[in-house]
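K.L.:
Have a look at this fold, sequence not included:
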């Protein structure tokens, strides 16, 4: 999750929010994007460690344009940064249990919307959010499709014995944050505990290769391939 020394510092910027919803009895905020048709399968979109940035809202809009109802919960309560040290502190100050609880409440809200079809959702996340995709799917049987992009597991590996979701993961071969050597162990744990074989795909790219707001790591070709397969996967599992 390294940052470029030229990355602009903007700690304290407001998050890209447009809704407030109840999450297990606590007010929560997020960004909701609707498809052109007004209805579609639901997808929870989970932020990177920077917060609910304009980039995440843009990804939500792109998913919505493909026919999904997308909710990106704000895990940081309005805080956004582009400073790596501040992002690390913000991530560190968010216990995994609290994050999963907020995300589970977001699933409640999303499935309660009249615009959402079906009784399961997809979950897509990047970096920290990719890790939360796996934590959420491990605990939430209403997640039918889990898509971690270079997901960072914080602390213990989740207990996947209750997993119901199919998993499609995207990882960079040159990513020192999530080394390729660690993926076989994660693959084997998921399959052994749940009976579900995750599909982990590798790209000749670095960490955060999908983030087109970070030209120092963005890989357009890898991003296009990962995006296309993600859309196909979500449609197969949710439509």
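P.N.:
That came through fine. Just so we're clear, the structure is a prediction, and the values are computed from it rather than from any experiment. Numbers count the residues shown, from 1 in each chain.
K.L.:
before we move on, what SS does the residue positioned nearest the centre of the chain have?
P.N.:
Nearest to the geometric centre of the chain sits residue 125, at 1.2 Å (Cα atoms, centre = their mean). Counting by DSSP: H, G, I helix; E, B strand; the rest coil, the backbone at residue 125 sits in strand.
K.L.:
And stretch 174-185, end to end?
P.N.:
18 Å (Cα to Cα, to the nearest Å).
K.L.:
The residue nearest to the centre of the chain contacts residue 148, correct?
P.N.:
Yes - counting by Cβ atoms under 8 Å, residue 125 does reach residue 148; the two are 6.0 Å apart. All C-beta atoms are positioned from the backbone trio N, CA, C, and that covers glycine.
K.L.:
tell me which element residue 237 is part of?
P.N.:
Applying DSSP states H and E as the criterion places residue 237 in helix 220-238.
K.L.:
counting contacts, what elements does that helix pack onto?
P.N.:
strand 40-46, strand 116-126, strand 143-149, strand 166-172, strand 199-203 (3 or more Cβ pairs under 8 Å, 6 or more residues apart in numbering; DSSP states H and E).
K.L.:
Identify the contacts common to residue 125 and residue 148.
P.N.:
131, 133 (Cβ atoms under 8 Å, 6 or more residues apart in numbering).
K.L.:
returning to that earlier point: can you check the pLDDT for the nearest residue to the residue nearest to the centre of the chain once chain neighbours are set aside?
P.N.:
Computed as Cβ to Cβ, 6 or more residues apart in numbering, the closest residue to residue 125 that is not its neighbour in sequence is residue 46, at 3.2 Å. Each residue has a pLDDT score; the one for residue 46 is 98.
K.L.:
Equivalent analysis for residue 106, please.
P.N.:
97.
K.L.:
One more: residue 25?
P.N.:
Here, the pLDDT recorded for residue 25 equals 87.
K.L.:
give me phi/psi at it?
P.N.:
Per-residue torsions, residue 25: phi 90, psi 0 (degrees, to the nearest 10).
K.L.:
count of residues packed around it?
P.N.:
The burial count assigned to residue 25 is 6, neighbours taken as other Cβ atoms under 10 Å.
K.L.:
I'd like the numbering to begin with 52 instead of 1 from here.
P.N.:
Okay, residue one is now 52; in that scheme the one you just asked about reads as residue 76.
K.L.:
How about the contacts made by it?
P.N.:
By Cβ under 8 Å, 6+ apart, the contact set of residue 76 is empty.
K.L.:
do you know how far it is from residue 152?
P.N.:
The gap separating residue 76 from residue 152 is 10 Å, by Cβ to Cβ, to the nearest Å.
K.L.:
Residue 290 and residue 117, how far apart?
P.N.:
Applying Cβ to Cβ, the value for residue 290 to residue 117 is 11 Å.
K.L.:
Ok, residue 106 next?
P.N.:
17 Å.
K.L.:
Same question for residue 186.
P.N.:
Counting by Cβ to Cβ - residue 186 and residue 117 are separated by 25 Å.
K.L.:
Got phi/psi on residue 262?
P.N.:
The phi/psi pair for residue 262 (degrees, to the nearest 10) reads phi -80, psi 100.
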